[in-house]
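A.B. asks: The following block contains a protein sequence and its predicted model.
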Amino acid sequence: MYPLLDSISSPEDLRRLERKQLPQLADELRAFLVESVSRTGGHLSSNLGTVELTIALHYVFDTPADSLVWDVGHQTYAHKILTGRREAMSTLRMKDGLAGFPKRDESPYDAFGTGHSSTSISAALGMAVAARLAGNDKRAVAIIGDGAMTGGMAFEALNNAGALDANLLVVLNDNDMSISTPVGALNNYFAKLMSGRFYAAMWRGGEKVLKGMPPVLEFAKRAEEHVKGMVTPGTLFEELGFNYIGPIDGHDLDTLVTTLHNIRKLEGPQFLHIVTQKGKGYARAEEDCVLYHGVGKFDPAYGIVAKPAAKKTYTQIFGDWLCDMAATDDKLVGITPAMCEGSGMVEFAQKFPQRYFDVGIAEQHALTFAAGLACDGYKPVVAIYSTFLQRAYDQLIHDIAIQNLPVLLAIDRGGLVGADGATHAGSFDLSFLRCIPNMTVMTPSDENECRAMLTTAYRMNTPTAVRYPRGSGTGVAVPPSLQTLPLGKGEVRRNGKGVALLAFGSMLAPALTAAESLDATVANMRFVKPLDEELVLRLAREHALLVTVEENVIQGGAGSAVSECLARHGITVSVLHLGLPDTFIEQGEPAKLLAECGLDAEGLLRSVRGVLK
């Protein structure tokens, strides 16, 4: 079915092919991608768009001696297939299977692990400088795209790279046509010309001759910039010290291979701009690349068939609340770092376009931008994944918390997230939030409580965070009210004896189930900060064992807050802390991962009974 693809188990096999065979390989690889991802789920559109680029890079560069650093990592399926992992694609994003992103301990061809964006140029620059220090001819290539150029870190690296003059190639995979207009044969021709050794040698030779005539040299430089500027939009990158090449058609294998061969021979920082189409080769993905960006299992013949959800997700609960609150307060503004759909802000963006701000993949900017709005009387709500909030920690402390500004963080994907694995898990937020002065941190146990907490947080005039998990909750009814909760107060949900389970957020449901067998008391703590110390002390006086349960690392988390409270008041009682272990949790089904961490009802029972023995 795939005669060429079946013959390739490594890039060495690929490099044995004749150039005229590469388009057929691209067709086979694209067909295999659709078939494979339809069976496992995963990222589809972005990977269909990088088929030719991946082939060309491995065909030209001596991988893995030369390093390919991908950004963001969800465009690397073709790379995995061509580097000996085709058979393992059936395990993609599954427990003990292939990761959905590059992973250094998975393959020597994965030069740098990544799940977040805008890291490739920095990492590849480090590798290029390492090669120079070692005195070898190794090449480092950063492949950046899919919005990652909106991240400030990418421009920090570009600025540094131009100054270091290392042998670095940056490939901008422009798959949204956001920088350039569509390209054609003329641009391809000039790209080949300007990447050639003749052009580079001619300019270096001319520069030596003209050095004795500074006015003429300056004129020549200006003339070159003008000629390049007429056919390329690369002035910015040239000013940063790069030799800009492109834009070229990223699906034209002949142009790609020729251009990359030429660039491979050049010295110094090079910037290749290619234009690709997300979803290329699969009509449904071409028509709706957002829908087919991240997919579950589907039938390739029929595409994705939407099924009505049994119950609303926390993300949808947030989106509904945001629209309702915005209708009552024209000072509310919504901010997202490039996660409109993922964070549930589509309806808000449609209903309140003047108060909706997508700042791109720029989490640091998102928080300081929110701080600026708050300074002038607006009430910013920043919808952000837990894993991405990590990237803006300094801004949260320095720009929001120190100034005690009323910014609400709606933190999605708190806890384990499943198939995306360790890079996307929200394992640490309770720990890194509760240690910040002026912060209020809330953890809803169900959908209705989530809505009430969002309202409570919004009504405050200080920094607040409402942290909720991925997916659905218990399925409770959620009235469209804007009720609040008493600040810093938990509640006892079950009265028992001997053992008290202090559950935070998503852990209330398994705690209630386990409590039936233990005849234990269960407290829905609700607030991590301020902690309901009165409730903690009462439970400590009335029970022999306190068990804290959270979907967060144990170190510094909600359980630590309980122990600190007991120590401050001189209370001595047995305490068992249950939470995520001190390790990075890899991909898998969330329910199974939680069970392995002992955070399902059976796991809680085992842990408590182990202590009681």
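C.D. replies: Yes, it's here.

A.B. asks: what ranges of the protein fall below the confidence cut-off?
C.D. replies: 146, 176-233, 309 (pLDDT under 70).

A.B. asks: longest strand of it?
C.D. replies: Counting by DSSP state E, the longest strand found in the chain is strand 545-553.

A.B. asks: I'd like the distance from that strand to the chain centre, please.
C.D. replies: Here strand 545-553 is found 27 Å from its chain centre; the criterion is C-alpha atoms, centre = their mean, to the nearest Å.

A.B. asks: swap in stretch 466-474?
C.D. replies: Worked out by C-alpha atoms, centre = their mean, stretch 466-474 lies 18 Å from the chain centre.

A.B. asks: Could you do stretch 606-613 as well?
C.D. replies: 38 Å.

A.B. asks: which parts of that stretch are buried?
C.D. replies: If you call a residue buried by 16 or more other C-beta atoms under 10 Å, then stretch 606-613 has these buried ones: 607-608. From N, CA and C alone the C-beta is placed, and that goes for glycine too.

A.B. asks: Using CSV, write out the CA atom coordinates for it.
C.D. replies: Provided in CSV are the C-alpha atoms of stretch 606-613 (Å, rounded to 0.1, in the frame of the first residue of the first chain):
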residue,chain,number,x,y,z
ARG,A,606,-5.7,1.6,50.2
SER,A,607,-3.7,4.6,51.4
VAL,A,608,-5.9,5.3,54.4
ARG,A,609,-6.2,1.7,55.4
GLY,A,610,-2.4,1.3,55.2
VAL,A,611,-2.0,4.1,57.8
LEU,A,612,-4.8,2.7,60.0
LYS,A,613,-3.1,-0.7,60.2
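
A.B. asks: how close does the closest residue to residue 527 other than its chain neighbours sit to residue 377?
C.D. replies: Leaving aside its chain neighbours, residue 527 sits nearest to residue 488 (5.0 Å; criterion: C-beta to C-beta, 6 or more residues apart in numbering). Going from residue 488 to residue 377 by C-beta to C-beta, to the nearest Å gives 26 Å.

A.B. asks: can you give me the helices for the stretch 1-150 of the chain?
C.D. replies: Here the stretch 1-150 of the chain has its helices, by DSSP state H, counting those that start in this stretch, at 11-15, 22-40, 45-48, 51-60, 77-80, 120-134.

A.B. asks: ok, and for stretch 162-174, which residues are buried?
C.D. replies: 162, 166-174.

A.B. asks: I meant stretch 485-497, not that one.
C.D. replies: 485, 488, 490, 493-494, 496.

A.B. asks: I'd like those residues laid out as TSV, including secondary structure.
C.D. replies: As requested, the buried residues of stretch 485-497 are exported to TSV (DSSP: H, G, I helix; E, B strand; the rest coil):
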residue	secondary structure
485	coil
488	coil
490	coil
493	strand
494	strand
496	coil
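
A.B. asks: Mind putting those residues into a markdown table with distance to residue 295?
C.D. replies: Below are the buried residues of stretch 485-497 laid out as a markdown table (distance: C-beta to C-beta, whole Å):
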| residue | distance to residue 295 |
| --- | --- |
| 485 | 37 |
| 488 | 42 |
| 490 | 40 |
| 493 | 38 |
| 494 | 40 |
| 496 | 45 |
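
A.B. asks: which of those residues lies closest to residue 427?
C.D. replies: Residue 427 has its nearest neighbour among the buried residues of stretch 485-497 in residue 490, at 22.8 Å by C-beta to C-beta.

A.B. asks: Can you tell me how far the nearest residue to residue 106 once chain neighbours are set aside is from residue 295?
C.D. replies: Nearest in space to residue 106, with sequence neighbours left out and distances taken as C-beta to C-beta, 6+ apart, is residue 99 at 6.0 Å. According to C-beta to C-beta, residue 99 and residue 295 sit 17 Å apart.

A.B. asks: And for residue 3?
C.D. replies: For residue 3, the distance to residue 295 - C-beta to C-beta - is 27 Å.

A.B. asks: Compare those two (neighbour count), which wins?
C.D. replies: Legend: neighbour count by other C-beta atoms under 10 Å for residue 3 and residue 295, higher for residue 295 (18 against 9).

A.B. asks: so what's the nearest residue to the more buried one once chain neighbours are set aside up against?
C.D. replies: Nearest non-adjacent residue to residue 295, counting by C-beta to C-beta, 6+ apart: residue 44, 5.2 Å away. For residue 44, the contacting residues are 33-34, 37, 279, 282, 285, 292-295, by C-beta atoms under 8 Å, 6 or more residues apart in numbering.

A.B. asks: and the spatially closest residue to residue 491 that is not a sequence neighbour, what does it touch?
C.D. replies: In this structure, residue 491 finds its nearest non-sequential neighbour in residue 524, 5.1 Å apart by C-beta to C-beta, 6+ apart. Neighbouring residues of residue 524 by C-beta under 8 Å, 6+ apart: 445, 490-493, 503, 508.

A.B. asks: Those residues in helices, which ones?
C.D. replies: residue 508 (DSSP state H).

A.B. asks: rewinding a little: what's the closest of the buried residues of stretch 162-174 to residue 476?
C.D. replies: Distances from residue 476 to the buried residues of stretch 162-174, taken by C-beta to C-beta, are shortest for residue 173, at 43.7 Å.

A.B. asks: Ramachandran angles for the closest one?
C.D. replies: Note on residue 173: backbone dihedrals following degrees, to the nearest 10 are phi -90, psi 90.

A.B. asks: which residues does the nearest residue to it once chain neighbours are set aside contact?
C.D. replies: Computed as C-beta to C-beta, 6+ apart, the closest residue to residue 173 that is not its neighbour in sequence is residue 145, at 2.9 Å. Contact partners of residue 145, counting by C-beta under 8 Å, 6+ apart, are 50, 71-72, 75, 172-175, 276.

A.B. asks: ditto for residue 290
C.D. replies: Contacts of residue 290 by C-beta under 8 Å, 6+ apart are 45, 341.
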